[in-house]
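Student: Got a sequence here, can you build the structure:
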Amino acid sequence: MDSFNEVEKTRAWDEINRNGNTVKIFPKGDQCNTFIATADIFLDYIDNLMKKRNIRLDMGKVHDLLSDIGIEKASVFYCGNREIYDIVPDKETKIPPKENYVVPVVRVIKEGIIDKEKDWIEKSPSKIYQYLLRYASDLKGGLEYIDFSKDARKINEGDHLVYLGPNGERIAKYLEKLGYVVNISSIDEVIEKYK
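Tutor: Numbers count the residues shown, from 1 in each chain. The predicted model follows:
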């Protein structure tokens with residue numbers, strides 16, 4: 001499942017987790033997990049076709065559209081009025097998505113020397129972000145920037161810390177000294193892997 005912000009629990013969420021099912025959440029899953037990314041692309045394609053052909057959201061019409069584009073073995077499920085009871089929050093308890101994060105997560109340690117550093121990383125001409133996504137994808141994991149104000153309990157054994165410069169390297173080595181069992185790499189090592 002792609003990552004999401006904390007939301008209130010629903011009966012549907014409880015149902016998914018019942019009977020020993022394990023939900024795995026991929027941070028940045030729509031960008032580094034091929035199945036989630038493919039699902040997003042496919043649903044966007046169907047949505048655009050529906051708009052273009054002026055097809056309303058109806059199970060039969062959607063099934064016909066899928067058949068028109070060559071998808072014969074498809075199931076279409078409608079989630080509406082009868083399911084409201086299951087999809088509205090029924091508890092004030094929040095779903096903590098990080099408790100279900102896939103392992104490993106590639107956790108990027110920012111340098112902390114510029115404002116909105118995440119934006120600068122993701123738009124950098126050196127394509128650092130693309131290398132990070134590929135690395136996470138190859139590890140069959142997710143990608144997240146470490147938030148030191150709330151991530152202490154969420155670094156899992158086997159996660160990969162990637163630092164971008166000397167400040168990040170100091171932090172990574174410090175976390176290792178504190179006993180976090182993680183793999184540590186510099187961004188240069190990650191980039192070199194794909195050249």
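Student: Distance from the chain centre to stretch 145-162, please.
Tutor: The chain centroid and the centroid of stretch 145-162 are separated by 15 Å, computed with CA atoms, centre = their mean, to the nearest Å.
Student: Would you mind checking the average pLDDT for it?
Tutor: Along stretch 145-162, the predicted confidence averages to a pLDDT of 84.
Student: In that stretch, which residues are buried?
Tutor: Buried residues in stretch 145-162, defined by neighbour count with 16 or more other CB atoms under 10 Å: Y145, I146, K154, I155, N156, D159, H160, L161, V162. Glycine gets a C-beta too; all of them are placed from N, C-alpha and C.
Student: which residues touch it?
Tutor: Contact partners of stretch 145-162, identified using CB atoms under 8 Å, 6 or more residues apart in numbering, comprise 98, 101, 103-110, 118, 132, 135, 139, 141, 168, 172, 175, 180-187, 190.
Student: Over to D86: give its phi and psi.
Tutor: D86 has phi and psi values of phi -90, psi -20 when expressed as degrees, to the nearest 10.
Student: can you tell me which residues contact it?
Tutor: T10, R11, A12, E15.
Student: Just give me the neighbour total for the second one.
Tutor: The tally of other residues near R11 (other CB atoms under 10 Å) stands at 15.
Student: ok, now the first one?
Tutor: The local packing of T10 (other CB under 10 Å) involves 17 other residues.
Student: For it, list each beta-bridge partner.
Tutor: Each beta-bridge partner of T10 is listed here, defined by DSSP bridges: P89.
Student: distance of it from L43?
Tutor: Between T10 and L43 the distance is 21 Å, computed by CB to CB, to the nearest Å.
Student: Where does T22 sit: helix, strand or coil?
Tutor: Under the three-state scheme (DSSP: H, G, I helix; E, B strand; the rest coil), the conformation of T22 reads as coil.
Student: Over to R82?
Tutor: helix.
Student: State the helix or strand in which S185 lies.
Tutor: Under the criterion DSSP states H and E, the helix or strand holding S185 is strand 183-186.
Student: Are there helices or strands packed against that strand, and which ones?
Tutor: Counting contacts by 3 or more CB pairs under 8 Å, 6 or more residues apart in numbering; DSSP states H and E, the secondary-structure elements packed against strand 183-186 are strand 160-163, helix 166-177.
Student: Thank you kindly, that will do.
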